[in-house]
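Enquirer: here you go, sequence then predicted model.
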Amino acid sequence: MHELSICQALIEQLAGIAAQHPGKRIAEVHLGIGPLSGVVPQLLVDAFSIARAGSCAQAADLHIRESSIVVSCPSCGGQGEAAVNRLVCPHCGEWRTELLTGDELLLERVELDVMQQSLHAVQ
C-alpha cells in the first residue's frame, strides 16, 4: 500500500509547515487527487489516520477533492473532460490529446489553529 508512504511524506511536509508557525497546530489538510494519480482516496484516508499518530497533524482532518480528467486537443484546439479509459477529444474525437489535469496529487491547503495550552496547578 503506497498510500502509507505518501502519507508519511505528507506528514514530513506538514512538520515543516508547523515548524514555520510555532504555537499553532495543523487542523485541516486539503488534498486534490486526480483519477489517474494512482492513489485510491479511501486508502489515503485510512493511511493518514495511521501516519498522523504522534505527529504535528495528530488531530488534523483530511479533506480530499477528487478532480476530473481534462484533455487538450492539438487537432481542433478544444479542451474538455475525458473518461479514465477514453482520453479522446470530446469535440472532434481525436485520440492524440494532451492531459491537462487528472494525474495530480496536490497539497492544496493547510489550515492552522492556535494550540490550547493546558494550565496545571502546582500543589
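Expert: Yes, it's here.

Enquirer: wait, Leu106 touches Gly32, no?
Expert: Yes - between Leu106 and Gly32 there is a contact under CB atoms under 8 Å: 4.3 Å. C-beta coordinates here come from the backbone N, C-alpha and C atoms, glycine included.

Enquirer: who's more crowded, the two?
Expert: Neighbours were counted for Leu106 and for Gly32 using other CB atoms under 10 Å; Gly32 has more, 17 against 13.

Enquirer: hey, what's that one bridged with?
Expert: Arg65, Leu106 (DSSP bridges).

Enquirer: surely it is in contact with Glu108?
Expert: Yes - taking contacts as CB under 8 Å, Gly32 lies within contact range of Glu108: 5.0 Å.

Enquirer: what touches both of these two?
Expert: Common neighbours of Gly32 and Glu108, counting by CB atoms under 8 Å, 6 or more residues apart in numbering, are Arg65.
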